[in-house]
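Participant: Here's my sequence, what's the structure:
(one chain, ligands or ions: 1)
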Amino acid sequence: IKQYMTRPQGSIILLHTQVVLSTTSDSTSKLKLNMTEGRSSPALLSDDFYEPFLSKLAKNRQPDRIRVLIPLESRPGLISFLAGKPNPEMFPLTSLSFTARDPQDPSKEIPIDLTPEELKVALQYNYTDGVPALRDWIHELQEHVHKRKKDESWKVSIGAGSQDLIYKAITALVNPGDPVLVETPAYGGTIPMFTTLGCDISEVETDAEGLSSQSLRKILEEWPASKPKPKVLYTVPYGCNPTGITTTTERRLEVLKLAREHNFLILEDDPYYFLYYGAAPRPPSYFELDGSQPEVGRVIRFDSFSKMLSSGFRLGFVSGPTYLIAAMDLHSSTANLQPSSLSQIVALSILKRWGLSGFLKHGDTVAEFYKQKRDKFEAAMKKHLSGLAEWDTPKAGMFFWFKILLPEGPDQHDSEPLITTKAFEKGVLAIPGTVFLPNAGKSPYVRVSFSLLGEEDIDEALKRLKEAILELKAE
Ligand code: PMP
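Facilitator: Numbering: from 1, shown residues only. Here you go, the predicted structure:
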């Protein structure tokens with residue numbers, strides 16, 4: 001720490017130190033262990049490997065010189081003048097009680113009262129990468145669901161939704177103007193992260209089986225020798241936003257192989273993992289598959305509590321190589337200090353009451369709910385848009401992506417005029433496919449979300465859309 005105080009350079013390495021310290025009571029001995037042993041497994045990629053992946057911005061970031069010392073405050077016997085923490089005696093909130101659904105029987109409610117200790121944590125500043133007990137719970141989840149044993153090669157950080165963490169990952173890895181690989185169509189919330197950096201986006205095609213490894217291979221094999229190669233691939237692997245498609249296991253394995261051959265990292269943006277309702281077993285995540293590759297550590301995985309607990313909590317988490325996640329933590333320590341302690345403690349108190357099995361059971365309930373919504377939506381699609389549109393049935397998530405069979409003419413491959421004029425005038429709001437094209441352009445597709453609407457509204461909306469299409473055809 002003394003060395004850190006006098007030499008802020010090498011901040012990423014020192015942030016590792018913080019990570020280790022934050023989870024141990026005997027910080028001094030663990031610190032030595034981390035510094036001297038490093039990560040020795042030959043299958044794991046080293047810090048030296050990841051260093052060239054960092055953007056200039058990430059390399060320049062300096063740790064917050066106070067925040068990095070916070071873990072030392074838990075040393076027994078230590079008297080700390082360190083933190084600029086407000087005194088909780090002056091906070092107006094004195095207790096917090098609420099009810100949560102029982103995952104075993106969602107018609108029942110479980111009362112939850114935060115203990116005085118939990119409330120104290122909820123109302124106070126905490127670690128940059130999240131409240132340790134919630135991070136521990138998430139590690140347990142990742143170990144159970146994605147079969148990745150907890151070790152020092154990867155870590156979890158919590159953010160203000162997965163959106164916050166995706167942005168931090170992209171700015172930690174990508175320099176302005178860098179080439180990047182992005183699936184097309186892609187989540188509209190991520191495209192601006194690349195475009196504002198002026199990235200040179202190579203669009204990787206997708207189809208009914210998800211991300212096309214063939215399209216990816218073609219792009220990489222034809223990559224001009226004079227041009228620097230892309231460092232990252234961005235994809236949404238389950239119930240993709242916007243296409244609703246889930247990428248097959250075979251494709252995922254191919255993509256991981258290409259990542260190794262062409263030296264890039266995979267940004268696995270996966271808020272719909274627990275919203276998988278396909279008939280076949282759910283394919284393993286990239287994060288899971290990465291664990292059994294000849295070299296482990298090519299995947300940065302983003303999860304979200306938004307669809308499972310509450311989107312208003314603004315809680316998501318990232319799991320990936322410690323070196324890179326530590327670089328993202330440096331961003332948080334400057335940008336927003338940490339995710340909300342209150343949200344984290346409320347979420348944790350629910351998760352602790354439920355246990356891991358309760359959370360997974362809740363996941364099954366959520367998936368079944370969206371499956372029924374999907375079925376109702378598809379039935380209405382068949383009733384109103386048969387012969388006027390084409391689609392693949394989603395197996396996860398909450399989106400339907402369909403191609404409108406537009407009449408011949410200048411707008412034959414562009415749904416935007418129809419959606420923004422005729423359909424809108426009839427009182428239907430949907431998103432034209434063009435919004436999801438990383439490099440802009442025209443698209444005959446439309447994205448609709450079936451998460452909220454009841455059967456009557458769906459029926460009415462698709463009837464209006466049908467009328468709009470028929471009017472256009474009649475012109
Ligand atoms: N990625 C995708 C693909 C999404 O659809 C969303 C939410 N619309 C996010 C990320 C952001 O989710 P969060 O609420 O966790 O920030």
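Participant: Heading C-terminal from the helix or strand hosting residue 58, find the next helix or strand.
Facilitator: Assigned by DSSP states H and E, residue 58 falls within helix 56-60. Proceeding C-terminally, helix 56-60 gives way to strand 97-102 as the next helix or strand, assigned by DSSP H and E.
Participant: The closest residue to the ligand within the stretch 151-300 of the chain: how many residues sit nearby?
Facilitator: Among all residues of the stretch 151-300 of the chain, residue 161 sits closest to the ligand, at 2.5 Å; criterion: CB to the nearest ligand atom. The way it works is simple: take the backbone N, C-alpha and C, and place the C-beta from them, glycine included. Around residue 161 sit 24 other residues, with neighbours defined as other CB atoms under 10 Å.
Participant: which stretches of the protein form strands?
Facilitator: Secondary structure of the chain, counting by DSSP state E: strands at 97-102, 105-113, 154-159, 179-184, 200-207, 210-211, 232-235, 265-269, 299-304, 316-321, 389-391, 399-404, 431-432, 445-449.
Participant: Just send these back as TSV, with mean pLDDT and mean neighbour count too.
Facilitator: Listed next are the strands of the chain as TSV, based on pLDDT from 0 to 100; neighbours: other CB atoms under 10 Å:
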stretch	mean pLDDT	mean neighbour count
strand 97-102	97	14
strand 105-113	94	12
strand 154-159	98	26
strand 179-184	98	24
strand 200-207	98	18
strand 210-211	98	26
strand 232-235	98	25
strand 265-269	98	27
strand 299-304	98	26
strand 316-321	98	26
strand 389-391	97	18
strand 399-404	97	22
strand 431-432	96	21
strand 445-449	97	23
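Participant: Which one of those strands lies nearest to residue 75?
Facilitator: Minimum separation from residue 75 across those (CB to CB) falls at strand 154-159, 21.8 Å.
Participant: Do the closest one and the ligand come into contact?
Facilitator: No - in this structure, strand 154-159 remains apart from the ligand according to CB under 6 Å from any ligand atom; the gap is never smaller than 8.0 Å.
Participant: Which residues in stretch 330-340 does the neighbour count mark as buried?
Facilitator: 330, 331, 332, 333, 338, 339, 340 (16 or more other CB atoms under 10 Å).
Participant: Please work out how many residues are found near the residue nearest to the second one when sequence neighbours are not counted.
Facilitator: Read it as residue 331. With sequence-adjacent residues excluded and distances taken as CB to CB, 6 or more residues apart in numbering, residue 331 is closest to residue 168, at 4.6 Å. Applying other CB under 10 Å, we find 25 other residues in the vicinity of residue 168.
Participant: And the pLDDT for residue 168?
Facilitator: pLDDT, residue 168: 98.
Participant: Isn't it up against residue 328?
Facilitator: Yes - using CB atoms under 8 Å, residue 168 is in contact with residue 328, at 4.3 Å.
Participant: remind me which residues of the chain are low pLDDT?
Facilitator: For the chain, residues meeting the criterion pLDDT under 70 lie at 1-42.
Participant: ok, residues contacting stretch 210-227?
Facilitator: Residues from elsewhere that reach stretch 210-227, judged by CB atoms under 8 Å, 6 or more residues apart in numbering: 179, 181, 183, 202, 204-206, 229, 233, 235, 237, 240, 245-248, 251-252, 254-255, 258, 261-262.
Participant: how about the residues of this structure that lie near the ligand?
Facilitator: Residues of the chain found near the ligand, taking CB under 6 Å from any ligand atom as the criterion, are 161-163, 187, 189, 236, 241, 269, 271, 304, 306, 311, 316.
Participant: For residue 74, give its distance to residue 174.
Facilitator: In this structure, residue 74 and residue 174 are separated by 36 Å, where distance is defined by CB to CB, to the nearest Å.
Participant: Between the two, which is the more surrounded one?
Facilitator: Set side by side, residue 74 and residue 174 show more neighbours around residue 174, with 24 against 14, by other CB under 10 Å.
Participant: if we can go back for a sec, and the residues of the chain next to the ligand, which two are furthest apart?
Facilitator: With distances taken as CB to CB, the most widely separated pair in the residues of the chain next to the ligand is 236 and 311, at 16.4 Å.
Participant: Could you check which of these two has the larger neighbour count?
Facilitator: Each of residue 236 and residue 311 had its neighbours counted (other CB under 10 Å), and the higher figure belongs to residue 236 (27 against 13).
Participant: show me the contacts for that one.
Facilitator: Listed by CB under 8 Å, 6+ apart, the contact partners of residue 236 are 183, 186, 187, 269, 270, 271, 272.
Participant: So which of these sit within helices?
Facilitator: Cross-referencing the contacts of residue 236 against helices under DSSP state H gives no overlap.
Participant: now, which of these sits nearest residue 404?
Facilitator: Closest approach to residue 404 among these (CB to CB): residue 186, at 20.0 Å.
Participant: In contact with the residue nearest to the closest one when sequence neighbours are not counted, which residues are there?
Facilitator: When the adjacent residues along the chain are set aside, residue 186 lies closest to residue 438, with 5.2 Å between them (CB to CB, 6+ apart). With contacts defined as CB under 8 Å, 6+ apart, the neighbours of residue 438 are 182, 184, 185, 186, 191, 194, 195, 201, 203.
Participant: Quick one: neighbours of residue 293, just the number.
Facilitator: Counted with other CB under 10 Å, the burial measure for residue 293 works out to 16 neighbours.
Participant: residues contacting it?
Facilitator: For residue 293, the contacting residues are 256, 260, by CB under 8 Å, 6+ apart.
Participant: Check the one 5 residues further on too.
Facilitator: Residue 298 makes contact with 45, 256, 259, 260, 264, 265, 266, 290 under the criterion CB under 8 Å, 6+ apart.
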